[in-house]
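Asker: Sequence first, then the predicted structure:
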Amino acid sequence: MNASATGPGAARSQRGREEATQVALETVAEGGPLAGVLDFLCRTMEGESSDRVIACIHPVNDDATIFRDTAAPTLDRRYREAVDGMLVSSMTGPCCLAVTTRETVVVPDLAADPKWIGFRKFTEPLGIRSAWSTPIFSNEGKVLGTFAHYYFEARDPSPRDARMVELLTRAAAVAIERSRAEAALRELNETLEQRVETETRERLRIWNVSQDLLVIAALDGRILSVNPAWTTTLGWSESDLVDTSYEWLLHPDDLERTRGELDHLVNGHKTWRMENRLRARDGSYRWISWSAAPDGGRIYSMGRDMTEHRRAQDALSRADAELARVSRFTALSALTASIAHEVNQPLSGIITNAGTCLRMLDASPPNIDGARDTARRTIRDGNRASEVITRLRALFSKREFTLESLDLNETAREVIALSSNDLQRDHIILQSELADDLPSVTGDRIQLQQVILNLLRNACDAMAGVDGRPRELLIKTEREQGDHVRVTIRDAGGGLPPQSLDSLFDAFYTTKTGGMGVGLFVSRSIIERHQGRLWAEPNEGSPGATFSFSIPRGGEGTGPFR
């Protein structure tokens with residue numbers, strides 16, 4: 001049995017993973033202290049992993065030679081103290097190798113790899129058996145640090161953990177780059193505020209070498225002097241701008257706002273920070289972020305070109321809007337497809353029974369008794385369709401089910417009776433092993449019938465193309481340890497691709513041609529609402545697959561919804 005498909009981590013729904021991922025992205029987008037953001041990303045990985053894991057983020061300094069500012073929220077602070085200041089060249093652990101090689105380092109079993117004898121002095125007291133370290137890259141491909149996570153058993157990374165690491169590593173890169181940019185900007189602003197208060201020769205010392213736009217202006221906005229960076233960034237020389245008003249460079253939409261900000265600065269504000277658009281010599285406009293301060297009847301300003309940053313922000317805003325639209329569409333599509341999928345079965349029965357009833361009434365003489373029985377079955381299927389819609393609405397609105405004490409054997413027999421015509425038509429040999437001592441369960445009869453019916457029909461579909469051997473289907477009930485009851489449906493079809501086990505119960509994932517991929521998603525949601533679990537596994541030693549679900553037994557005081 002695939003552990004990732006049947007363990008506790010598999011009970012976490014796709015929607016839950018998406019919500020956790022969205023929260024992580026929003027946390028990075030909102031900013032905040034770097035240490036807090038990195039701790040949050042580590043905890044997100046630890047909370048969403050399929051197995052118990054310790055996550056750590058190890059930023060490096062600018063030249064990627066020293067680890068510093070380690071985030072490891074679930075490890076003792078002595079671990080962070082030991083890592084901070086460590087040389088990358090020491091090759092003490094996988095993180096050192098990941099920075100050096102710029103590739104992900106996976107150590108499935110530390111005890112079996114003699115390369116990490118020194119590293120095991122740290123891991124063995126903590127019970128760590130395997131390690132995985134992924135480099136964190138900037139947009140320019142520079143190594144910013146590593147995203148490491150340690151497991152307590154020997155194992156390879158699962159596909160789901162790989163997806164989480166990829167996403168959270170990107171988020172960590174954004175957080176680290178933004179923190180460094182903010183630190184650089186703070187340092188630059190502090191430098192500017194100090195320099196505008198010093199003597200003129202001290203300001204001129206950096207005039208010619210600065211890559212930022214430096215300008216000295218009169219209080220009325222008339223430009224007195226600009227540095228060479230204006231030519232590099234906007235194409236204007238100092239002779240083009242001296243004795244002209246700043247206003248002729250401004251984008252028309254920014255004119256009034258900039259005038260107001262400048263008035264505040266002239267009328268007593270010590271510093272001024274804003275963004276506006278300036279016209280370049282070629283007629284284009286570039287976004288400039290300004291810091292300014294008055295001194296001795298003049299205004300000293302420094303501007304940084306933020307055009308590419310603004311474009312990136314605009315692209316992110318458009319992506320966020322598109323993500324919100326797709327999320328709404330996905331939620332609506334999931335509900336619509338689920339209702340269509342689940343109501344289709346009773347509606348098919350209604351149509352078949354109605355046609356049968358008409359034929360009986362048209363017979364000579366009319367078969368009144370047969371028509372009456374068929375009409376009753378039509379009413380039964382109509383009520384069942386209504387109940388399915390009611391239960392599906394309750395499922396997606398998270399309202400409580402209609403609870404009652406149930407005999408799962410009887411529930412299974414009802415489903416077999418409903419499916420008897422289809423089983424005969426498809427030449428399915430049905431075997432039932434219903435336990436005599438099966439305890440009752442507390443749950444919703446219609447919902448549990450829907451699960452059994454969906455699993456039974458999936459089994460029939462899996463054997464549709466089987467020739468040369470019997471199409472055998474087994475439905476079995478049994479008592480489990482721990483006061484649980486299990487229902488098993490085993491087919492002799494083509495089996496399950498190993499790569500599909502992790503995604504089998506995700507919404508809109510299907511291995512069937514023409515399938516919608518919602519039956520198993522809805523079935524798992526129903527079983528989880530009953531405090532149970534639903535899983536699949538290949539048959540051992542024979543073709544086909546086995547689907548099973550287990551829910552708590554009923555009885556006074558022991559029901560799953562008590």
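Answerer: The structure has been received and is ready for your questions. Numbers count the residues shown, from 1 in each chain.
Asker: so residue 464 touches residue 426, yeah?
Answerer: Yes: in terms of C-beta atoms under 8 Å, residue 464 counts as a neighbour of residue 426; the distance is 6.8 Å. Quick note: C-beta positions are derived from backbone N, CA and C, even for glycine.
Asker: With residue 433 as the reference, measure out to the nearest residue to residue 164 once chain neighbours are set aside.
Answerer: For residue 164, ignoring the flanking residues on the chain, the nearest one in space by C-beta to C-beta, 6 or more residues apart in numbering is residue 48 at 5.6 Å. Distance, residue 48 to residue 433, using C-beta to C-beta, to the nearest Å: 38 Å.
Asker: These two - which one has more neighbours?
Answerer: The neighbour comparison of residue 48 against residue 433 (other C-beta atoms under 10 Å) goes to residue 48, with 22 against 10.
Asker: So for residue 464 and residue 426, which residue has more residues nearby?
Answerer: Under the neighbour definition other C-beta under 10 Å, residue 464 and residue 426 were set side by side, and residue 426 has more, 15 against 12.
Asker: so who does the more buried one touch?
Answerer: 460, 463-464, 471 (C-beta atoms under 8 Å, 6 or more residues apart in numbering).
Asker: wait, what's in contact with residue 180?
Answerer: Taking C-beta under 8 Å, 6+ apart, one finds nothing in contact with residue 180.
Asker: For the protein, spot the helix or strand the model is least confident about on average.
Answerer: The helix or strand of the chain with the poorest confidence is helix 3-6; it has a mean of 41 (mean pLDDT, DSSP states H and E).
Asker: Look up phi and psi at residue 147.
Answerer: The phi/psi pair for residue 147 (degrees, to the nearest 10) reads phi -110, psi 110.
Asker: Touching, it and residue 168? I think so.
Answerer: Yes: A contact is recorded between residue 147 and residue 168 when judged using C-beta under 8 Å, the distance being 6.5 Å.
Asker: which residues do the two both contact?
Answerer: The contact sets of residue 147 and residue 168 overlap at residue 45 (C-beta under 8 Å, 6+ apart).
Asker: Name the SS class of residue 461, please.
Answerer: For residue 461, the assignment made with DSSP: H, G, I helix; E, B strand; the rest coil gives helix.
Asker: any idea which element residue 186 lies in?
Answerer: In this structure, residue 186 is located in helix 159-195 according to DSSP states H and E.
Asker: Show me what the mean pLDDT comes to for that helix.
Answerer: Here helix 159-195 scores 82 as its mean pLDDT.
Asker: now swap in stretch 356-370 and tell me
Answerer: 85.
Asker: which parts of it are buried?
Answerer: 356-357, 360, 367 (16 or more other C-beta atoms under 10 Å).
Asker: Could you provide these in TSV, with additional columns for secondary structure and distance to residue 551?
Answerer: Converted to TSV, these look like this (DSSP: H, G, I helix; E, B strand; the rest coil; distance: C-beta to C-beta, whole Å):
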residue	secondary structure	distance to residue 551
356	helix	36
357	helix	37
360	helix	40
367	coil	42
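Asker: Now tabulate the residues you listed in CSV and tack on distance to residue 269.
Answerer: As requested, the buried residues of stretch 356-370 are arranged in CSV below (distance: C-beta to C-beta, whole Å):
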residue, distance to residue 269
356, 87
357, 86
360, 92
367, 95
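Asker: Tell me where the stretch 451-562 of the chain has helices.
Answerer: Listed in chain order, the helices of the stretch 451-562 of the chain (DSSP state H, counting those that start in this stretch) span residues 519-529.
Asker: got any ranges where it has weak pLDDT?
Answerer: With pLDDT under 70 as the threshold, the stretch 451-562 of the chain has low-confidence stretches at 499, 502-503, 507-518, 554-562.
Asker: the strands in it, which residues?
Answerer: Secondary structure of the stretch 451-562 of the chain (DSSP state E, counting those that start in this stretch): strands at 472-480, 484-490, 533-538, 545-552.
Asker: Show me the one of those strands that comes nearest residue 55.
Answerer: Comparison of the strands of the stretch 451-562 of the chain against residue 55 by C-beta to C-beta identifies strand 533-538 as nearest, at 25.8 Å.
Asker: helices and strands around the closest one, which ones?
Answerer: The contact analysis (3 or more C-beta pairs under 8 Å, 6 or more residues apart in numbering; DSSP states H and E) places strand 533-538 against helix 3-6, helix 519-529, strand 545-552.
Asker: so which of these comes closest to residue 281?
Answerer: Distances from residue 281 to each of these were compared using C-beta to C-beta; the minimum, 58.6 Å, belongs to helix 519-529.
Asker: next one: that closest one to chain centre, how far?
Answerer: If you compare the mean C-alpha spot of helix 519-529 with that of the full chain, they lie 20 Å apart, counting by C-alpha atoms, centre = their mean, to the nearest Å.
Asker: Measure how that helix sits relative to strand 545-552, angle-wise.
Answerer: Comparing the axes of helix 519-529 and strand 545-552 via axes from the mean of the first three to the mean of the last three C-alpha atoms, to 10 degrees yields an angle of 20 degrees.
Asker: tell me the pLDDT at residue 340?
Answerer: According to the model, residue 340 carries a pLDDT of 63.
Asker: And for residue 298, nearest residue in space, chain neighbours not counted?
Answerer: The shortest distance from residue 298 to any residue that is not its chain neighbour, by C-beta to C-beta, 6+ apart, is 5.6 Å, and that residue is residue 216.
Asker: what mean pLDDT does the top strand by length along the chain have?
Answerer: Ordering each strand of the chain by length in residues (DSSP state E) puts strand 285-295 first. Across strand 285-295, the average pLDDT comes to 88.
Asker: how far off helix 159-195 does it point, in degrees?
Answerer: Here the directions of strand 285-295 and helix 159-195 differ by 40 degrees (the same axes, to 10 degrees).
Asker: The helix or strand following strand 285-295 packs against which elements?
Answerer: Once the chain leaves strand 285-295, the next helix or strand it forms, by DSSP H and E, is strand 298-305. Under the contact criterion of 3+ C-beta pairs under 8 Å, 6+ apart, strand 298-305 touches helix 159-195, strand 213-218, helix 255-266, strand 285-295.
Asker: what sits up against strand 298-305?
Answerer: With contacts defined as C-beta under 8 Å, 6+ apart, strand 298-305 is touched by 185, 188, 192, 195-196, 203, 210, 212-219, 224, 233, 262, 265-266, 272, 278, 286-294.
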